[in-house]
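Q: Sequence first, then the predicted structure, then my questions.
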Amino acid sequence: MTTTTLAVLVPLLPFLGAAAGLLLGRKAPGFVRPLAVLPTLAAAVLAVLVAFRQGGGKAIDAATQLTPTGSVPIDLALHIDGFAALVAVLVGVVATCVQIYSTGYLREDPRYPSYAALVSLFTAAMLLVVYSGDLMVLLVGWEVMGICSYFLVGHYWETPEARAASLKAFLVTKLGDVPFLIGLFALAADAGTFRITGVLGAVASGGLDHPTLIALLLLAGVAGKSAQFPLHTWLPDAMAGPTPVSALIHAATMVAAGIYFTARLLPVFAASAAAMTVLAVMAAITMVGSALAALAQDDIKRVLAYSTIGQLGYMAGALAVGDRGAAVFHLLSHAAFKALLFLAAGTVIHAAGTNSLTAMSRVSGLAKRVPDAYWTMTVALLALAAIPPFAGFFSKEAVLVAAEHTALGERTVAPAGAGWTVLVAGLLTALLTAAYALRLWLRTFRGRGPAVPDHGRQPIAMTAVLWVLAIPSLGFGLTAAPLGDWFDGGALTPTLTTAVLGTGLAVAGAAVTYALWRTLAARTPAAAPAPHVDLDRPDTDAGLVEAETLRLPHPAEDPADPGRALLGPLYGPAADGFHLDTVHRTLFVRPVLAAASLVRFLDREVVDTYVSGAAGSAKVLGRLVRRAQTGNVQTYLSALLAGSVVLAIVAVALANAVAGA
């Protein structure tokens, strides 16, 4: 079987699995789990074979014309370089882990068949984006992911949080997708093709007439899809969906799509120094702002959501300094430990009966109750904090090294100012990341109070996946040298300067956080037990519409929270996401609502008045005419005679007038 055929099957298999799952889910429930897991697993295996055959060498290209357009053709094309090969493996592996985990996590959920089918469709759409060699076909996968995220985030549609979160995710990403679509058309108009190879060729030959405009339009879509400032506000709210969905969105689909798209078309952005500077500033604000917000969150999944936003900021920062190898390397590394973090968090939430860090800090025994989640989550948090030798250290260092080279003028793809912006923001974020990672660990596993209730062992399908993902979270960073050919052949090894600075700041952030926690905990007496939800109650869908969607009452604040002490007056704004939702309501929602009110007024008072007046006139005329229709022949003849007499008189009068003139 040719490599091209294998590559076609990679997105096709999960798509067929999704279609079969939707058709057979209710009729043959015994096939739901095999249809969820096996096609995705097969796609992952085939993606590995494609990556092995591609080998990081020359890109694999194949195309057939999808439809003639009369101007710019649309092709069903494949373009598989080293980046595409590795990212496809990532998507397949993480999606398989999520599907296996979900068989245990949602085992009693009545909507599991549709959920599993949507996850498969989500996976197929992302794989289409990864392998596509034509921008319009890529756009199909891009938009299908948006639809899937809407349904999956709103899986628990009985709750207002899930309904609002799914709608917000859809609308905010669409806000970026509109200029993104315009940018794609402008890019194709300048390059004369939607084919990625043709676009890159046009950039190399200086064929783009409007590089800055095109790049900025595309960046709007990237900011929405990959949750970058200022369009990142949908991602924390999307935590209302099931935890496995969060793992999939944050690690391998949706948010990864924008970074991957920018990496694939990086020469388009690099053709404009202004666009690279905007990207650097956007990445810097995203990194620092999200890290501060994560330090103030009281929901374990919202902490991880803001963490994802910050790590995506690192990737965008690497792209802003022209190093797509570092960006994709961190994308792959982050996918492993972030998927592990969310899946471990789901296990912890299920065991604790709440996703509130405040509540978790007031119980004890979670580390013993869920040892698999405890140890694997510890590994993932160390990788997130970029502590050597965990995976996050090597990939984060690759980003900082790229920024350092640009700042010092050793790399000229982007302005030196962009390099300094990313470098300073990256180092500050390293400090804050270690602080909120340790805060999360301490408040989750080192709480003081009564022992957490025992809900029994977690399903093996859940715990086994955690250990599978722990392996790359620990050792993936060591693959930077062997996989160098897949990353444009660039060196991704740390340098002494950035390693010392980055690791030193991370250790300092963790040390200060731990010292504050010890001091505050010593001053605070042990608290009363946290409120608890019985996950075995039948009215909670066998425990899986659990505390993720049941917002538990908990204390107003935790006196032993180091985040409050670290942030001081920034704590309130940071906890509220620096009021960006308020800004969005002011800039976008209120003007749209005002315009809608104006249109409604015009429709009701002007258009409806005109239509009602026309209808009323017809009714009055109808009444008058109806009175004339008596059905009496004598009346009709009398009226005809009278009319004839009147016409004759008028005719004589007109004739006399004309004769007299």
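A: Ah, there it is.
Q: mind checking how far the lowest-mean-pLDDT helix or strand in the chain is from the chain centre?
A: Lowest by mean pLDDT, DSSP states H and E among the helices and strands of the chain is helix 608-628, with a mean of 80. From the chain centre to the centre of helix 608-628 is a distance of 56 Å (CA atoms, centre = their mean, to the nearest Å).
Q: which other helices and strands contact it?
A: Packing partners of helix 608-628 (3 or more CB pairs under 8 Å, 6 or more residues apart in numbering; DSSP states H and E): none among the helices and strands. In short, each C-beta sits where N, CA and C put it, glycine included.
Q: okay, it in PDB with CA atoms only?
A: Presented in PDB, the C-alpha positions along helix 608-628 are these (Å, rounded to 0.1, in the frame of the first residue of the first chain):
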ATOM      1  CA  ASP A 608     -44.900  46.400   9.700                       C
ATOM      2  CA  THR A 609     -46.700  49.800   9.600                       C
ATOM      3  CA  TYR A 610     -46.400  49.900   5.800                       C
ATOM      4  CA  VAL A 611     -47.500  46.300   5.400                       C
ATOM      5  CA  SER A 612     -50.400  46.800   7.800                       C
ATOM      6  CA  GLY A 613     -51.400  50.000   6.000                       C
ATOM      7  CA  ALA A 614     -51.400  48.200   2.600                       C
ATOM      8  CA  ALA A 615     -53.400  45.400   4.100                       C
ATOM      9  CA  GLY A 616     -55.900  47.900   5.700                       C
ATOM     10  CA  SER A 617     -56.300  49.800   2.400                       C
ATOM     11  CA  ALA A 618     -57.100  46.600   0.600                       C
ATOM     12  CA  LYS A 619     -59.700  45.700   3.300                       C
ATOM     13  CA  VAL A 620     -61.400  49.100   3.100                       C
ATOM     14  CA  LEU A 621     -61.500  48.900  -0.700                       C
ATOM     15  CA  GLY A 622     -62.800  45.400  -0.500                       C
ATOM     16  CA  ARG A 623     -65.700  46.400   1.800                       C
ATOM     17  CA  LEU A 624     -66.700  49.200  -0.600                       C
ATOM     18  CA  VAL A 625     -66.600  47.000  -3.600                       C
ATOM     19  CA  ARG A 626     -68.500  44.300  -1.700                       C
ATOM     20  CA  ARG A 627     -71.400  46.700  -0.900                       C
ATOM     21  CA  ALA A 628     -71.800  47.300  -4.600                       C
END
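Q: tell me the secondary structure for L78?
A: Assigned with DSSP: H, G, I helix; E, B strand; the rest coil, L78 falls in the strand class.
Q: Let me see the contact set for it.
A: By CB atoms under 8 Å, 6 or more residues apart in numbering, the residues touching L78 are 4, 7-8, 60-63, 131-133.
Q: what's the closest of those to T444?
A: For these, the residue nearest T444 by CB to CB is Y131; the value is 38.3 Å.
Q: Distance of that closest one relative to V87?
A: According to CB to CB, to the nearest Å, Y131 stands 9 Å off from V87.
Q: again, but for H155
A: For H155, the distance to V87 - CB to CB - is 26 Å.
Q: Would you confirm that L16 contacts P39?
A: Yes - using CB atoms under 8 Å, L16 is in contact with P39, at 6.3 Å.
Q: Look at the two and report which has more neighbours.
A: Set L16 next to P39 and count neighbours by other CB atoms under 10 Å: P39 wins out with 25 against 15.
Q: surely that one meets G17?
A: Yes - when contacts are counted by CB under 8 Å, P39 is listed as touching G17 (3.2 Å).
Q: what's the overlap in contacts for the two?
A: Taking CB under 8 Å, 6+ apart as the criterion, P39 and G17 both touch S120.
Q: quick one on the thing from earlier: same drill for Y131 and V87, tell me which one is more crowded.
A: V87 (29 against 25).
Q: What sits closest to A291 if chain neighbours are left out?
A: L432 (3.6 Å; CB to CB, 6 or more residues apart in numbering).
Q: Would you agree the one you found is in contact with L292?
A: Yes - contact criterion CB under 8 Å: L432 and L292 qualify, at 6.4 Å.
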